[in-house]
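> pasting the structure only:
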């Protein structure tokens, strides 16, 4: 199956003579050299693919170029070099008119500060994309109302954006994006402006919606925990470059460099790591040996600890057909908590008896 | 530094435009005057109080009952001051100027908001339009469009353009960039982004700009009055030209009523048509804030009210008095032909102008008289906008104007002379009798000579020649101002017996009102006295041979002129022509002497 969205060696340079700057970047010039000349390289040689139904998270600090990257995906910004392919169509080769058509039909966007139109009601806001598509009023209002219902805002249609809380406003933003039935959803720091509790709610709701809608989503965030929670795949950006792309576990377990490593220090690993990353895959079997509790490869570290505490032996990890694909010894769980990768050293009292000191 | 001939470039540019782009200016003029006449006709058609009612209902609808009542009271006041027609003419002028200004400035503002280059290029132009002294623009406007409404409207709208452009640009730029991006992200076309997102959200700011445009237009009408647009601006000009404080105040009140009404109405209109403003209003209504004085009729009711009043007005207008009075007689030389006379509000100008208005009307001409400052007056006659003027002081005082416009004018000869120019002190200044006596008295007069309009010919003469001859340069400053200001200063100083020296000329009524002393001019620096000439546009005498002959032969004695002037002063403002009639009755035979009709009398050689 071909990828839904593909970015190929994307560059975006602001300032004078951008093409020349791209050439210099290709030959190994770095961002600081260009800045001295007054040009800003916002995105440098970014390539990635997003599969249908995936949530692809681009993670980076402010100024890392992630928002610029996102805006090249729907043509709001034209790449200085490189290509964006969406469903096999090269967006960079389209005329303005064709590009607008693609944006209206297939790609929608959710913004950091919601970007709701203050002079339109909640329903009119949700129906905006459909209005642009030229859907007749009755139908677009019906579909907008459905999208609002889906986002938990049934009954608020007649309200005005400024009467809603931040979380509710962003639900309207989400409903507006979903109402058009676009396949690709671009989310630009969409939950960053919300307070932490609401942000978690919104993340849960997004995952919940994604389970049924199976949209392809590119999600921008500066919050690694959010990236880990939402992302099927994560790209970490620094200074305009993608420094690592991989699953949450790849990033967590095999950071590509010190920058990524320093980034992931504060991540709550127990919620991100799953049995798939922890298990010892040298032990397999056609079925568990006992009737004890088992785990699946998606079981998180925290849940594994709980299961392990209830069992007297290693936790078996089974697949959908109840086949054992690996085991997690308690030793490994403890080792991860302590960030210890060495094997246990031998004990001078192998009987394991506890010596009581008087 | 080499002298940059910027002024010459502008001169030749203006000349070129007048010579080659005349068709364009004529077209613009036709459109502007057409719009003005249309609006003015609509505004003056109904009975004043009926239109006041319509305007009041509009205010009631947009702002509430109090605004409606006050609006009606304001317009009723204007009517009771006998200023209704002038006020409506001013309102029409402001509306036309505003509409044209908006038609130009809003698209420009939109363009500027979308392109930094355009914005950067427009900014200095707007600065120029807004800060260039309006009189500087007014004279070219007369050259291009002639005296009257078109020049006034154009000068007004040039002045009022800038805030419209700026506020539109500001309003659009102020719209949250994320909202514009959101619109684009959903595939909205640039045009729809503008219409559906940017303009609705920028509307309150744009309406503030519209409000500014209207207010600035209104403040310009007084200046536009100098080029003969009439209306309240013309009234103010006449009043200050003749030191008529009371009439000036009344006209000023008329302008204030219009200003407040238009300001409040456009402010409320901004809230009515902007989606956000409508919402706020709806919220306030929902909060149960409905007192009787803030009750506002629904649009339907308001429109119906306006429509009914308008229909009544239309009905009355149709059946109103419209019968003309036609007087045909043997002396009807003019047969209704129109003649336009312009005048400077100097006493001999007013007297001779109204004298000729009366004489020509008796001879069957239709005469309009309009008051101007000297510069516009000369421009008006030279460009053929006016037929003649009777108050040219030649060869000395108006030498500069003659130099500039002489080729485009016909001199129909002097009708009064000689005149004299002088510096004058009150006679209580015992030891100042001659210009030479001023030399060491600089501190007594605080180094000031009270002058008149800097455009007046005698001011140039005084500064360039007279002061030099008597060695007064450096010790005296000539204070530029206006004739009324000079007279007011003389009156003030005279009352307190303070030392004062003013520029004055003879004949002047001030010599009969105050005990004054003309300073002797032993060196003859002021030159020989002028004659007061009649100047006509090129070809006027050929087009109107009888009138040309009459004007060429016209002359007045000092006794006649001062007698007529005092008659006019006695009759008071607005009754000049009645005074002329009275005076003619007291001096029978003058009509036939000055405007003889065939067979009545042989050509008379009147003595000076």
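All right, it came through fine. Bear in mind that the values here come from a model prediction, so they are computed numbers and not experimental data. Numbering: from 1, shown residues only, chains lettered A, B, ... in the order given.

> quick check: which ranges of the stretch 201-350 of chain B have low pLDDT?
Using pLDDT under 70 as the threshold, the predicted model of the stretch 201-350 of chain B has low-confidence ranges B:241-243, B:281-300, B:302, B:309-331.

> near chain A, which residues of it show up?
B:201, B:274, B:275, B:276, B:279 (Cβ under 8 Å from any Cβ of the partner chain). Every C-beta, even on glycine, is put in place using the N, C-alpha and C of the backbone.

> now with 10 Å, please.
Residues of the stretch 201-350 of chain B lying near chain A by Cβ under 10 Å from any Cβ of the partner chain: B:201, B:203, B:274, B:275, B:276, B:277, B:278, B:279, B:282, B:283.

> what helix or strand is the second one located in?
Right, residue B:203. helix B:199-224 (DSSP states H and E).

> for that helix, packing partners?
Applying 3 or more Cβ pairs under 10 Å, 6 or more residues apart in numbering or on different chains; DSSP states H and E, we find helix B:199-224 packed against helix B:84-114, helix B:134-145, helix B:149-174, helix B:231-241, helix B:245-273, helix B:275-286.

> mean neighbour count added to the ones you listed, as JSON lines?
Written out in JSON lines, the entries for the helices and strands packed on helix B:199-224 read as follows (neighbours: other Cβ atoms under 10 Å in any protein chain shown):
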{"stretch": "helix B:84-114", "mean neighbour count": "23"}
{"stretch": "helix B:134-145", "mean neighbour count": "20"}
{"stretch": "helix B:149-174", "mean neighbour count": "25"}
{"stretch": "helix B:231-241", "mean neighbour count": "25"}
{"stretch": "helix B:245-273", "mean neighbour count": "18"}
{"stretch": "helix B:275-286", "mean neighbour count": "13"}
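
> in the stretch 1-150 of chain A, which spans are helices?
Ranges of helices within the stretch 1-150 of chain A are A:18-26, A:31-36, A:66-73, A:96-105, A:122-126, A:128-133, A:137-150, based on DSSP state H, counting those that start in this stretch.

> distance of residue A:198 relative to residue A:176?
As defined by Cβ to Cβ, to the nearest Å, residue A:198 lies at a distance of 18 Å from residue A:176.

> neighbour count: those two, which is higher?
residue A:176 (31 against 16; other Cβ atoms under 10 Å in any protein chain shown).

> before we move on, the earlier item: I'd like the helices of the stretch 1-150 of chain A laid out as CSV, including mean neighbour count and mean pLDDT.
CSV is the format used below for the helices of the stretch 1-150 of chain A (neighbours: other Cβ atoms under 10 Å in any protein chain shown; pLDDT from 0 to 100):
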stretch, mean neighbour count, mean pLDDT
helix A:18-26, 17, 87
helix A:31-36, 14, 83
helix A:66-73, 24, 92
helix A:96-105, 17, 90
helix A:122-126, 25, 91
helix A:128-133, 23, 91
helix A:137-150, 18, 91
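
> for chain A, what are the nearby residues on chain B?
By the criterion of Cβ under 10 Å from any Cβ, the positions of chain B lying close to chain A are B:176-190, B:192-193, B:196-197, B:200-201, B:203, B:274-279, B:282-283.

> what's the longest helix along chain A in contact with?
With DSSP state H setting the assignment, residue counts place helix A:196-213 as the longest helix in chain A. Outside helix A:196-213, the residues that touch it by Cβ atoms under 10 Å, 6 or more residues apart in numbering or on different chains are A:53-55, A:110, A:150-152, A:165-168, A:170-171, A:174, A:178, A:181, A:185, A:187, A:190-194, A:215-217, A:219, A:221, A:223, A:225-226, A:229-230, A:232.

> buried residues of it, list them for me.
Neighbour-count burial for helix A:196-213 flags A:198, A:199, A:202, A:203, A:205, A:206, A:209, A:210 (criterion: 16 or more other Cβ atoms under 10 Å in any protein chain shown).

> my read: residue B:276 touches residue B:203, true?
Yes: applying Cβ atoms under 10 Å as the test, residue B:276 and residue B:203 come out as touching, 7.9 Å apart.

> need the overlap of contacts for these two.
Listed contacts common to residue B:276 and residue B:203 are residue A:119; contacts here mean Cβ under 10 Å, 6+ apart.

> so what's the closest residue to chain B within chain A up against?
Residue nearest to chain B within chain A (Cβ to the nearest Cβ): residue A:104, separated by 2.9 Å. Residues in contact with residue A:104, defined by Cβ under 10 Å, 6+ apart, are A:129-134, A:180, A:182, B:185-189.

> looking at the residues you listed, which is nearest residue B:50?
The closest of the contacts of residue A:104 to residue B:50 turns out to be residue A:131 (Cβ to Cβ; 45.1 Å).

> pretty sure the closest one contacts residue B:186?
Yes: Residue A:131 sits in contact with residue B:186 when judged by Cβ under 10 Å, with a separation of 8.8 Å.

> quick one: low-confidence ranges for the chain?
Reading this off chain A. In chain A (pLDDT under 70), the answer is A:1-2, A:350-358.

> right idea, wrong chain: chain B
Checking chain B against pLDDT under 70 turns up B:241-243, B:281-300, B:302, B:309-331, B:598-608.

> how is it divided into domains?
Chain B breaks down into these structural domains: B:24-284+B:291-316, B:338-418+B:531-594, B:420-518 (assignment by automatic domain parsing).

> who are the contact partners of the residue nearest in space to the middle of chain B?
To find the centre residue of chain B, average its C-alpha atoms and take the closest one (Cα atoms, centre = their mean): that gives residue B:225, at 1.1 Å. By Cβ under 10 Å, 6+ apart, the contact set of residue B:225 is B:86, B:90, B:93, B:152, B:231-238, B:240, B:251, B:370-372.
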